[in-house]
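Q: what follows is a predicted protein model with its sequence.
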Amino acid sequence: MSDAALPLKTNDLATRRDDRRVRGESVAVQILLIGLSLAFLLLFLLLPLITVFVEAGARGWEAYKAAIFEPDAVAAIRLTLLVAAVAVPFNIVVGIAAAWAIAKFEFRGKNLLISLIDLPFSVSPVISGLVFVLLFGAQGYFGAWLKAHDVQIIFALPGLILATVFVTFPFVARELIPHMQSLGSADEEAALTLGASPWRTFFSITLPNVKWSLFYGVLLCNARAMGEFGAVAVVSGKIRGLTNTMPLHVEILYNEYMGAAAFAVASLLAGLALVTLALKTLLEWRFGDAIAASRRH
Amino acid sequence: MTHPLFRRLLRAGLVLGAFSLCFGVVAGARAQTELLNVSYDPTRELYRDINAAFIAEWNAKNAKKITTIRQSHGGSGAQARTVIDGLNADVLTLALAGDIDAVAERSKKLPLDWQKRLPNNSSPYTSTIVFLVRKGNPKAIKDWGDLVKPGVQIITPNPKTSGGARWNYLAAWAYAEKAFNKDDAKIRDYIGKLLANVPVLDTGARGATTTFTQRGIGDVFLSWENEAFLALKEFGADKFDIVVPSLSILAEPPVAVVDGNVDAKGTRAEAQAYLDFLYTPKAQAIIAKNFYRPRHPENADPKDIANFPKVELVTIDGAFGGWAKAQPTHFGDGGTFDQLYKPAR
């Protein structure tokens, strides 16, 4: 018994040593690499996050509550939710349509369309905001017409929504396109041959197939929609209680020497990021097999 | 199993989106008497107090109530830009006349001679430029001449976007004109050296204040007097000292009703009353309490007035021929600032 176990053990050790020799890394290098990445995570991700919550609670629970329930803060939170509630569904619909067109059909200019979808990622958010000012501002191309018809876009809710839609547009489409492309159109063709209507095919075949990618895209899109600063700052006009979103409100509070209040509102945004992360992890953990299966499909 | 759920989710999302859009439009259309005061950076605290006092007084006398006075703050030049681009300001309370001139010229929403419409050049309060230094004044900065010593780091915002920074720049220029007996080459040399000691140009006065006070950058901060007092109040007198130079400039932050906007919104009476209120004894006392120099010091608390040191002040009209001349000469494209400022590489 022990005779049989011994060679097996040495064998095992030998392969492990071989392994290491093949990879060419000593234990020291491994420890160094792991240590480096851990230190990086700690310094650049965990520490700032902890700081936000520590600073937020620095003046106690009452001060925290007062900062969150202050009328301008409530207005900022409501506005941020409202902007996301319009921008995200819009991007879901348009994102699905764009991904569907790109993945399932061949047409001229398809690559151009893909590049265009990526455009908001490569343009600085400040530019994204300025573009809308140049289009819809009082001195802009449509400024005179808008004024004559008493429509306010820039420095009002529509401008905030436009800027947010623009910046967050790629998230849904970007998640869906590679997934839909890898799926091919065999399932849809089968459904159509069996007599399903195009709508039925879409809702019963296409959408369920990509549901996890869609969910990912929506999560990321929502997180960015609520956290966007640059583009929104340009079109907001910074009117307190009216066109001030949460990220802008954080900056204003900080500038008014209300550090604790600024971090209190910031902690809500950080909390949102954590919820997003938790949801994503939960999905991967709970439905990991389903996700993998639908991706392999 | 999942697709009806997804369909429901999608539908719910669409309905929610449509609903919130309607809600937003309805909320925007609801008629309320609100004023929007577009102001510059350091006035946040001042107008918070003024607004409360004015609303109480107006609502006690008038049937048509004012519910809110909205505030927007930023660098003075940047704020003027947003109003030109269509921000619906009822009143402008900016850092200098040049910025309201720009709004008048480009948006045509108020007459070019707007500054004659209210007393005291339409400036119900004034201020000046002082130095804020670290406690004990370790670099021994006493006057403008000390700013160009090697190794002195100066914090001042960008004159292109900040009104305060333009007053800073002109105050330094006025000092140099006097010190070098109007020798143009020496003045330019002095200003160039001063700008070379500036490590970072923030867009607005408040950003520069946080750079100096909270991020701890710089030895001396060229600041609005009111902003310097506020920093002492917020952070404690044990952190910073105020140094009053031998000569400074009389800064007149003006106010104006934006005719085009108030007529469209039907808020002219309220907007006019709001600005007139600034000249009343009650407002003048609030102004002094917030560290601005009131036009009528007799109406303010003598204790607040005692804060303000006596200092020789030049005026923009006397020393620079008014903003209409100073703006293009010094801050326009290719003006003296553009010629003399070389960003550190």
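A: Right, received. Where do you want to start?

Q: quick one: contacts for residue B:108?
A: Residue B:108 makes contacts with residue B:260, as judged by C-beta atoms under 8 Å, 6 or more residues apart in numbering or on different chains. C-beta coordinates here come from the backbone N, C-alpha and C atoms, glycine included.

Q: so residue A:222 touches residue A:88, yeah?
A: Yes: with contact defined as C-beta atoms under 8 Å, residue A:222 counts as touching residue A:88 (5.2 Å).

Q: got the residues of the stretch 151-297 of chain A near chain B?
A: Taking C-beta under 8 Å from any C-beta of the partner chain as the measure of proximity, the stretch 151-297 of chain A contacts chain B at A:152, A:154-157, A:203-204, A:207-208, A:211, A:237-242, A:252, A:254-257.

Q: could you rerun that using 6 Å?
A: A:154-155, A:157, A:203-204, A:207-208, A:237-240, A:242, A:255-257 (C-beta under 6 Å from any C-beta of the partner chain).

Q: now for those: which two are most distant?
A: Across these, no pair lies farther apart than A:204 and A:257, at 57.7 Å, counting by C-beta to C-beta.

Q: still on that earlier bit, among the residues of the stretch 151-297 of chain A next to chain B, name the buried ones.
A: Neighbour counting with 16 or more other C-beta atoms under 10 Å in any protein chain shown marks A:154-155, A:157, A:203-204, A:207-208, A:237-240, A:242, A:255-257 as buried within these.

Q: show me the contacts for the residue most central in space within chain B.
A: With distances taken as C-alpha atoms, centre = their mean, residue B:40 lies nearest the centre of chain B, 3.2 Å away. Contacts here follow C-beta atoms under 6 Å, 6 or more residues apart in numbering or on different chains; on that basis residue B:40 touches B:76, B:94, B:95, B:163.

Q: looking at those, which two lie furthest apart in space?
A: Taking C-beta to C-beta as the measure, the contacts of residue B:40 span a maximum distance of 6.3 Å, between B:94 and B:163.

Q: between those two, which contacts overlap?
A: When contacts are counted by C-beta under 6 Å, 6+ apart, the set common to residue B:94 and residue B:163 consists of B:40, B:76.

Q: host element of the residue nearest to residue A:95 when sequence neighbours are not counted?
A: Taking C-beta to C-beta, 6 or more residues apart in numbering or on different chains, and ignoring the residues beside it in sequence, residue A:95 has residue A:172 as its nearest neighbour in space, at 3.0 Å. Here residue A:172, judged by DSSP states H and E, is contained in helix A:157-183.

Q: hang on, residue A:177 packs against residue A:104?
A: No: if you go by C-beta atoms under 6 Å, residue A:177 and residue A:104 don't touch, sitting 10.6 Å apart.

Q: just give me the residue closest to the centre of chain A.
A: Central residue of chain A (C-alpha atoms, centre = their mean): residue A:220, 2.0 Å from the mean position.

Q: do you know how far that one is from residue B:214?
A: In this view, residue A:220 and residue B:214 are 32 Å apart by C-beta to C-beta, to the nearest Å.

Q: can you tell me the SS state at residue B:324?
A: Using DSSP: H, G, I helix; E, B strand; the rest coil, the structure places residue B:324 in helix.

Q: sorry, back to before: among the contacts of residue B:40, who's most crowded?
A: Counting neighbours by other C-beta atoms under 10 Å in any protein chain shown, the top entry in the contacts of residue B:40 is residue B:76, with 33 neighbours.

Q: who are the contact partners of it?
A: Listed by C-beta under 6 Å, 6+ apart, the contact partners of residue B:76 are B:40, B:94, B:95, B:99, B:163.

Q: could I get the helix or strand hosting residue B:233 in PDB with only the CA atoms?
A: Take DSSP H and E as the rule and residue B:233 turns out to sit in helix B:225-235. C-alpha atoms of helix B:225-235 as PDB (Å, rounded to 0.1, in the frame of the first residue of the first chain):
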ATOM      1  CA  GLU B 225     -10.800  89.800  -0.400                       C
ATOM      2  CA  ASN B 226     -14.100  88.100   0.400                       C
ATOM      3  CA  GLU B 227     -12.800  84.700  -0.700                       C
ATOM      4  CA  ALA B 228      -9.700  85.100   1.600                       C
ATOM      5  CA  PHE B 229     -11.900  86.000   4.600                       C
ATOM      6  CA  LEU B 230     -14.200  83.000   3.900                       C
ATOM      7  CA  ALA B 231     -11.200  80.700   3.700                       C
ATOM      8  CA  LEU B 232     -10.100  82.000   7.100                       C
ATOM      9  CA  LYS B 233     -13.600  81.400   8.500                       C
ATOM     10  CA  GLU B 234     -13.900  77.900   7.000                       C
ATOM     11  CA  PHE B 235     -10.400  76.600   7.900                       C
END
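
Q: touching chain A at all, whatever helix or strand comes next after that helix?
A: Next in sequence after helix B:225-235, counting helices and strands by DSSP H and E, comes strand B:240-243. No: Strand B:240-243 does not reach chain A (C-beta under 6 Å from any C-beta); its nearest approach is 13.5 Å.

Q: I'd like the average pLDDT over strand B:240-243.
A: Averaged over strand B:240-243, pLDDT sits at 94.

Q: tell me what that strand is packed against?
A: Judged by 3 or more C-beta pairs under 6 Å, 6 or more residues apart in numbering or on different chains; DSSP states H and E, strand B:240-243 is in contact with strand B:129-134.

Q: strand partners (parallel or antiparallel) of the strand it packs on?
A: Using DSSP bridges, strand B:129-134 pairs in its sheet with strand B:220-224 (antiparallel), strand B:240-243 (antiparallel).

Q: do you know how far residue A:194 is from residue A:131?
A: 47 Å.

Q: neighbour-wise, which of these two wins?
A: Using other C-beta under 10 Å, the more surrounded residue of residue A:194 and residue A:131 is residue A:131, with 18 against 8.

Q: can you map out the helices along the stretch 151-300 of chain B?
A: According to DSSP state H, counting those that start in this stretch, the stretch 151-300 of chain B carries its helices in the segments B:163-179, B:184-196, B:205-213, B:225-235, B:259-265, B:268-277, B:281-289.

Q: in CSV: the ones you listed, plus mean pLDDT and distance to residue A:164.
A: Below are those laid out as CSV (pLDDT from 0 to 100; distance: least, C-beta to C-beta, whole Å):
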stretch, mean pLDDT, distance to residue A:164
helix B:163-179, 94, 31
helix B:184-196, 94, 38
helix B:205-213, 88, 24
helix B:225-235, 90, 33
helix B:259-265, 93, 26
helix B:268-277, 96, 31
helix B:281-289, 96, 38
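
Q: reformat those helices as CSV; add distance to chain A.
A: CSV is the format used below for the helices of the stretch 151-300 of chain B (distance: least, C-beta to the nearest C-beta, whole Å):
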stretch, distance to chain A
helix B:163-179, 14
helix B:184-196, 25
helix B:205-213, 5
helix B:225-235, 5
helix B:259-265, 8
helix B:268-277, 15
helix B:281-289, 17
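
Q: want to throw those into TSV with distance to residue A:34?
A: Shown next, in TSV, are those (distance: least, C-beta to C-beta, whole Å):
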stretch	distance to residue A:34
helix B:163-179	49
helix B:184-196	46
helix B:205-213	38
helix B:225-235	42
helix B:259-265	61
helix B:268-277	63
helix B:281-289	59
